[in-house]
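[1] here is a sequence together with a model predicted from it:
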Amino acid sequence: MERTILITGVGKRIGYALAKHYLAQGHHVIGTYRTHYDSIEQLGKLGASLHSCDLTDPAAIEALIAHINEHHARLDTIIHNASDWLPDNNGLSPGDTMARMMQIHVSAPYQINLALAPLLIAAAKTNDDNIGASNIIHITDYVAEKGSKKHIAYAASKAALHNMTLSFASLLAPHVKVNSIAPAMILFNDHDDDAYKVKALAKAILPKEAGNNEIISLIDYLQNSHYVTGRSYAVDGGRQLK
Ligand SMILES: NC(=O)C1=CN([C@@H]2O[C@H](COP(=O)(O)OP(=O)(O)OC[C@H]3O[C@@H](n4cnc5c(N)ncnc54)[C@H](OP(=O)(O)O)[C@@H]3O)[C@@H](O)[C@H]2O)C=CC1
Ligand SMILES: Nc1nc2c(c(=O)[nH]1)N=C([C@H](O)[C@@H](O)CO)CN2
């Protein structure tokens, strides 16, 4: 079935891979971005609807919501991917650090989910099996359950994002499923040196950089399910067993 899928943070890495995957499958992708990379041009040429939206800007969030409600007849899936992996020693005050993490990872998804839920419900009802036919996916992090000594505010905000999975799953049943995906070592960053990579890989009993497809395959499964909701799906190489 052809879906309309909203993905936040499509400019690079996992969000970009998700957008390309669903465009290649013939779905309609609505992508938000902050920085206008060449990748945004590429996604536009592939047919994506693209919106500049800094999730720390309330006016930009309101404009995104208004545009989607006015210009998109249906919405089947929201993937909250956009994220800022801010360490606590980032130069901002602790108050500003926590406020930024909660804004991007909690407040923005909260506003978007509440405003666009009617579209998700309406889309689900167009399906023969309309139970659990639409989806919200919150991409959290393994550290939401474990904590992090160097990313305290980030980890707390991802834990709050998972708590919203529980609340929205109850609120939007039976037509909309709401699930978390809690990744660990999916993609290194360009600035990661060999020492960091060795240390990071050693944290899991499956020591590998998992890659985008681990997330893509799980989202494909969640979208096609009609029975899984209110849960977190770990993609972490068995870190809890180390
Ligand atoms: N990569 C990994 O190994 C892991 C990833 N995750 C989670 O998976 C998801 C994707 O990860 P990854 O692709 O590595 O993420 P990145 O940090 O590489 O990119 C995140 C995206 O979010 C955007 N973004 C950041 N801040 C804002 C903002 N204020 N407003 C709007 N957009 C913003 C970025 O835009 P811009 O390009 O402008 O910065 C970028 O497109 C994230 O939720 C992340 O927390 C969790 C654990 C491990
Ligand atoms: N927004 C982001 N969140 C996270 C990233 C990232 O690059 N962007 N990376 C990680 C690490 O891979 C970490 O899981 C390694 O243990 C975590 N979150």
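    Ah, there it is. Residues are numbered from 1 along each chain as shown. Ligands and ions are numbered 1, 2, ... in the order given.

[2] can you tell me which helix or strand residue 233 belongs to?
    strand 232-235 (DSSP states H and E).

[3] residue 135 in helix, strand or coil?
    In three-state terms, and counting by DSSP: H, G, I helix; E, B strand; the rest coil, residue 135 is strand.

[4] residue contacts, it?
    The neighbourhood of residue 135, defined by CB atoms under 8 Å, 6 or more residues apart in numbering, consists of 76-78, 120, 176-179, 222-223. All C-beta spots, glycine's among them, are computed from the backbone N, C-alpha and C.

[5] and those residues, which of them are in helices?
    120, 222-223 (DSSP state H).

[6] secondary structure element for residue 156?
    Applying DSSP H and E, one finds residue 156 within helix 152-172.

[7] show me which residues of that helix are buried.
    152-162, 164-165, 168-169, 172 (16 or more other CB atoms under 10 Å).

[8] what's the answer for stretch 25-36, then?
    For stretch 25-36, by 16+ other CB under 10 Å, it's 27-34.

[9] hmm, who's touching the longest strand seen in the chain?
    For the chain, the strand that runs over the most residues, judged by DSSP state E, is strand 176-183. Residues outside strand 176-183 that contact it (CB under 8 Å, 6+ apart): 117, 120-121, 124, 132, 134-142, 144-145, 161-162, 165, 168-169, 172, 210, 214-215, 218-219, 222, 225-226, 228-236.

[10] now, which of the residues you listed lie close to ligand 1?
    139, 141 (CB under 6 Å from any ligand atom).

[11] separation between residue 172 and residue 124?
    Per CB to CB, to the nearest Å, residue 172 is found 9 Å from residue 124.

[12] which of the three states applies to residue 138?
    Counting by three-state DSSP, the backbone at residue 138 sits in strand.

[13] quick check: it vs residue 120, distance?
    14 Å.

[14] got it, and residue 218?
    In this view, residue 218 and residue 120 are 19 Å apart by CB to CB.

[15] residue 110 too?
    In terms of CB to CB, residue 110 sits 15 Å off from residue 120.

[16] compare these two (neighbour count), which wins?
    More crowded of residue 110 and residue 120, by other CB atoms under 10 Å: residue 120, with 26 against 17.

[17] hmm, that one is touching residue 168, no?
    No - the pair residue 120 / residue 168 is not scored as a contact, 10.1 Å apart, by CB atoms under 8 Å.
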